[in-house]
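Enquirer: Take a look and give me a structure for this.
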Amino acid sequence: MFGCTGVKYQFPHPAKENMEPNLLVPVTLGKKVYFDGSNYGVTHIARESYTYYFADGMGIYGEEIDSTNTTDDEQVFVDYANITVPRTINYATGLLNYFFRGKLDIEPNCLECETVTFVIRNDSNNSGVPQTLKGGTFELFWDDRDGNRTKINDFTIPGWTGGSELAYNNQVTGTFSRPDSNEIETYTVVYKGAINENPAQPDDDDPNAIAVATLRMGYPIIAWGDDTDGIVSNIPDGNDFIEVAAGKYHALAIRSSGSLAAWGWNSYGQCNVPEGNDFIAIAGGVRHSIALKSDGSLVGWGDNGSGQIDVPEGNDYVAIAAGDYHNLAITADGLIVGWGQNYYGESDACQPDEGTTFISVSAGRYHTLALQSDGTIKSWGSNTMGQTTIYYGADDDHEAVAAADTYNFLLLEDDMLVTWGGGDFVEPGRPDYHYRQPDEHDFVAIAAGTVHFAALTSYGQIFCWGYDDFNYASSPVNPVPTGVTFTKDLAAGYKFTVALKTR
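Expert: Presented below is the predicted three-dimensional model:
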């Protein structure tokens, strides 16, 4: 996104890493660890493959204790359902494809009815090879706005038994009683059981696997600030939007169906969104827009004067960002790919530090800002305004990043907000930085526009400030609407802010 929004509690990317050996206890050596739950209180870890050894007092590996390609035990399913799924969704729904072998699609029918019907389609494939669900169980959960998860106990799929099979692209129908709550944020269907290429000859690697589908409930859009090209007054109707993004002079949104909407300045076709119901992320620049699809591929539209809509091939992308005339995408391996304008090296993505991966990225006019899985940040591109010289005192406590124009905006673990850039230097070569104490506010998301910053609290309030001294909230140009409770997404462009509000 232009001034990419950041979401608190971003889930670390599943890096290819080995477990560190512990002395005098069994150690784990594996070619890929999908999920290390040590930071999240999760004890059951799913691995692609692992081998247990016994280490002596000198750390020398001795007798092999066990070698297997299955998960540790069935409790890993509960851990994934309660912890991994909601945190992954908050980062990017597309990541679900990389955490789980199976993938499901949901088509709802009458979400406001007392009895709700979900048509569930098997969309599981392994490197392009269709997969079949055999036996197993289906469970349904709903999450509220605070991430609290509740199981829906009366969810049933008539006719489904332990001997049933669901081939690739086939579907089943489940029904349940609508929960008595106005706080429903997300529905998640979890399949637990065998996922095989040939059910008659089960694949030993996946006798107990997981397939998931998520359905996020939507909200209406609200915008404020400068109304050039109807960016404030011409927002699309409906209460089914799940994500918003801001270009410099236009805005974009994703509906819960996965389709796109866009409005504002459209001289280069940047608001002429492509058709489809499989979009999971959006971003906009000055004259162009890009989107990420659920299959991990990218699409772009609008002006191509700098090659900014010549998106790279492949389907292993999990997050995107757009600057004025360049774009970035994070791959499934936690690397960043850049394309478009590259006058200052803004598209020449650097490598993550050893032992880390990139988990979030944002872009300004001629520079890029990225967050690594260890909480540190990197920046590259133009440094004429000090925007790529990391601010003095930066540590490993960053939770979200946002960049716009020649500035950067950060959210720290303690809810402190930091900004730097814009040509504000303490001395030559050393940019000054400004910070704002949280003042007991629990900030959960941030956004950066051309001349202002915005931050969303966990209780639904948004604050706006200027780029240097956090005083923009007092400006009559962009006052935050009162009497509104905002939800989990916001974005900022040139003198305007767009967000989602409660229904």
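Enquirer: and this structure, what are its domains?
Expert: With domains defined by automatic domain parsing, the chain comprises 75-216, 218-501.
Enquirer: Reformat the ones you listed as a markdown table; add mean pLDDT and mean neighbour count.
Expert: C-beta here means a position set from N, CA and C on the backbone, and glycine is covered the same way. As requested, the domains of the chain are exported to a markdown table (pLDDT from 0 to 100; neighbours: other Cβ atoms under 10 Å):
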| stretch | mean pLDDT | mean neighbour count |
| --- | --- | --- |
| domain 75-216 | 76 | 17 |
| domain 218-501 | 90 | 20 |
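Enquirer: Endpoints of stretch 390-405, how far apart?
Expert: 16 Å (Cα to Cα, to the nearest Å).
Enquirer: So T406 versus T450, what's the distance?
Expert: T406 is 9 Å from T450, where distance means Cβ to Cβ, to the nearest Å.
Enquirer: for the stretch 301-450 of the chain, what spans make up the strands?
Expert: Taking DSSP state E, counting those that start in this stretch to define them, one finds strands in the stretch 301-450 of the chain at 317-322, 326-331, 336-340, 358-363, 367-372, 377-381, 398-404, 407-412, 417-427, 430-436, 443-448.
Enquirer: Quickly list what's touching both of T406 and T450.
Expert: Among the neighbours of T406, none is also in contact with T450 (Cβ atoms under 8 Å, 6 or more residues apart in numbering).
Enquirer: rewinding a little: quick one: the strands of the stretch 301-450 of the chain as CSV, columns for distance to V129 too.
Expert: Shown next, in CSV, are those (distance: least, Cβ to Cβ, whole Å):
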stretch, distance to V129
strand 317-322, 21
strand 326-331, 21
strand 336-340, 26
strand 358-363, 29
strand 367-372, 33
strand 377-381, 37
strand 398-404, 37
strand 407-412, 41
strand 417-427, 47
strand 430-436, 50
strand 443-448, 38
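Enquirer: out of those, nearest to P274?
Expert: strand 317-322 (14.6 Å; Cβ to Cβ).
Enquirer: strand partners of the closest one, parallel vs antiparallel please.
Expert: Take DSSP bridges as the rule and strand 317-322 pairs in its sheet with strand 326-331 (antiparallel).
Enquirer: Test my guess that G230 contacts G264.
Expert: Yes. Assessed by Cβ atoms under 8 Å, G230 is found in contact with G264 at 6.7 Å.
Enquirer: quick one, strands of the stretch 101-250 of the chain?
Expert: According to DSSP E, counting those that start in this stretch, the strands that the stretch 101-250 of the chain contains are 102-109, 115-122, 125-126, 129-130, 132-143, 149-151, 165-166, 171-177, 186-196, 209-216, 221-225, 241-246, 250-255.
Enquirer: right, and the ones you listed - which one's nearest G386?
Expert: Within the strands of the stretch 101-250 of the chain, the stretch nearest G386 is strand 241-246; the backing value is 23.9 Å (Cβ to Cβ).
Enquirer: Could you export that closest one as CSV, CA atoms only?
Expert: C-alpha atoms of strand 241-246 as CSV (Å, rounded to 0.1, in the frame of the first residue of the first chain):
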residue,chain,number,x,y,z
PHE,A,241,-15.2,-4.4,3.0
ILE,A,242,-12.2,-6.1,4.8
GLU,A,243,-9.2,-4.1,3.7
VAL,A,244,-8.4,-0.6,2.4
ALA,A,245,-5.3,0.9,0.8
ALA,A,246,-4.4,4.3,-0.4
